[in-house]
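> Provide a 3D model corresponding to the input given below.
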Amino acid sequence: MTTTPWTTRLAALAAISIAAAAAAQAHGTNPLAEKVRAANSRFESVAAATAEGYAPIPCASGITGGAMGIHYVNGAYLKDDAVDVAKPEAVMYEPMANGSLKLVAVEYITSKGPASLEGQLFNFNSAPNRYGLGPFYELHVWAWKHNPTGAFADMNPNVSCEAMKGM
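This is a model prediction of the structure:
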């Protein structure tokens, strides 16, 4: 089989594109995560979340390690089933050893599905589930803390609820 300069260039361009996408993921950059961070950076202050109607639920840890952190949930957004990048249903914080909370991610939740945000598909959770909710679709976006298992994974091995044990 003979390759032409055009096909060689096309193959090289494809390889560069794949490498660039892999490098962006490795460095924690993701277009949706960037958009989420820009739309929700006000939540770096827990006071901003509570002022907008978010209330905490306990820190969620994974069975095999890692955690999601403390979710501050907005009940009104949870009920409306709308998906809006600037109005996540939950804002997630990691408890720190000094007692502060550090913004790490947000979560979008809807019972309407299949759901997606900017082309990223949500995960489906059937009922019964550990949250006591009916079946729902959810999408975590780790926009403030790198997640080596992916920007949209549920648990982050770099997040811990350990600081909550002494409280």
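
> Could you report the neighbour count for residue 54?
Using other CB atoms under 10 Å, residue 54 has 21 neighbouring residues. The C-beta positions use only the backbone N, C-alpha and C, and glycine is treated the same way.

> How about residue 101?
Neighbours around residue 101, by other CB under 10 Å: 21.

> now residue 134
Neighbours around residue 134, by other CB under 10 Å: 11.

> Same question for residue 146.
15.

> And what about it, helix, strand or coil?
Here residue 146 is coil, with the state taken from DSSP: H, G, I helix; E, B strand; the rest coil.

> and the lengthiest strand in the chain, what does it pack onto?
Taking DSSP state E as the criterion, the chain has its longest strand at strand 101-110. Contact partners of strand 101-110 among helices and strands, from 3 or more CB pairs under 8 Å, 6 or more residues apart in numbering; DSSP states H and E: strand 67-74, strand 90-95, strand 136-141.

> chain center to the very next helix or strand once past the longest one, what's the gap?
Per DSSP states H and E, strand 67-74 leads on to helix 75-80 as the next helix or strand towards the C-terminus. From the chain centre to the centre of helix 75-80 is a distance of 18 Å (CA atoms, centre = their mean, to the nearest Å).

> Same check on stretch 132-143?
9 Å.

> that older thread, of all the helices and strands packed on strand 101-110, which lies closest to residue 121?
Nearest to residue 121, of all the helices and strands packed on strand 101-110, is strand 136-141, at 7.8 Å by CB to CB.

> Turn the helices and strands packed on strand 101-110 into a markdown table, including mean pLDDT.
Shown next, in a markdown table, are these (pLDDT from 0 to 100):
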| stretch | mean pLDDT |
| --- | --- |
| strand 67-74 | 96 |
| strand 90-95 | 97 |
| strand 136-141 | 97 |
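
> Right, I'll leave it there.
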